[in-house]
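>>> Build me a model from this:
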Amino acid sequence: MLKVAVLVSGGGTNLQAILDAKAAGQIPHGQIALVVASRPDAFALTRAQNAEVPTAVVRRKGYPDSTAFDDALLATLKAAQIDLIVLAGYLTILSPRIIAAYPRRILNVHPSLIPSFCGEGFYGLRVHEAALAKGVKVTGATVHFVNEVPDGGEILLQKAVEVQPGDTPELLQRRVMEEAEWQLLPRAIELCCAGLA
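Purely as a prediction, here's the structure:
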């Protein structure tokens, strides 16, 4: 069974979907072994503790420079013997050094159909605001491998979600999470874990 670390920054709704899928037997080849938060007040930590998953907080602000931060994050991941990293609403860009330490072993979920509405500056509600401003009829979510280019890694899974009349960015964000992100993430984790096992 491969050990999975989920990196989070906020409420942890994607983490909850992963934990629920694991509890339902949908990730038989992976164990959610660690949740790492970029903020000590992230509610995702509470979700992890409720599921009896070990947690850690590694804050970029807590270190004098990026090298020290990378050292701390890598040490935390290595101590837990992590095989696969999942970015689930993690708002810190990983350095090339961390990406090189886990080649094709870091997954990210992005709330659009890449290559639309992605790259630097496109995160959270900004993605859905851009989709609505453009007037697209279909959006969705993408799970991709992480490389040095923001949202630029190889695409693993995508799922389309229809834009409804009267959608606000908040309504669209919720629908994309429920209909795409929460379904794709557990599937992608299992695909990777089964492939690496």
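>>> Can you show me the strands along the protein?
Taking DSSP state E as the test, the strands found in the chain are 2-8, 30-37, 55-57, 84-87, 106-110, 138-145, 155-162.
>>> Okay, buried residues for the last one please.
Okay, so that is strand 155-162. Of the residues in strand 155-162, Leu156, Leu157, Gln158, Lys159, Val161 count as buried by neighbour count, 16 or more other Cβ atoms under 10 Å. (Glycine included, C-beta is placed from N, CA and C.)
>>> So, low pLDDT: which residues of this protein?
When residues are selected by pLDDT under 70, none of them lie in the chain.
>>> hang on, the earlier thing: any idea which of the buried residues of strand 155-162 is closest to Ile114?
Gln158 (7.4 Å; Cβ to Cβ).
>>> For the closest residue to that closest one other than its chain neighbours, give me its contacts.
Leaving aside its chain neighbours, Gln158 sits nearest to Thr142 (4.8 Å; criterion: Cβ to Cβ, 6 or more residues apart in numbering). Neighbouring residues of Thr142 by Cβ atoms under 8 Å, 6 or more residues apart in numbering: Val109, His110, Ser112, Leu113, Ile114, Cys118, Asp151, Ile155, Leu157, Gln158, Leu184.
>>> Ok, Leu113 next?
Per Cβ under 8 Å, 6+ apart, neighbours of Leu113: Val138, Thr139, Gly140, Ala141, Thr142, Gln158, Ala160.
>>> For the fifth one, give its distance to Lys61.
Thr142 sits 29 Å away from Lys61, taking Cβ to Cβ, to the nearest Å as the criterion.
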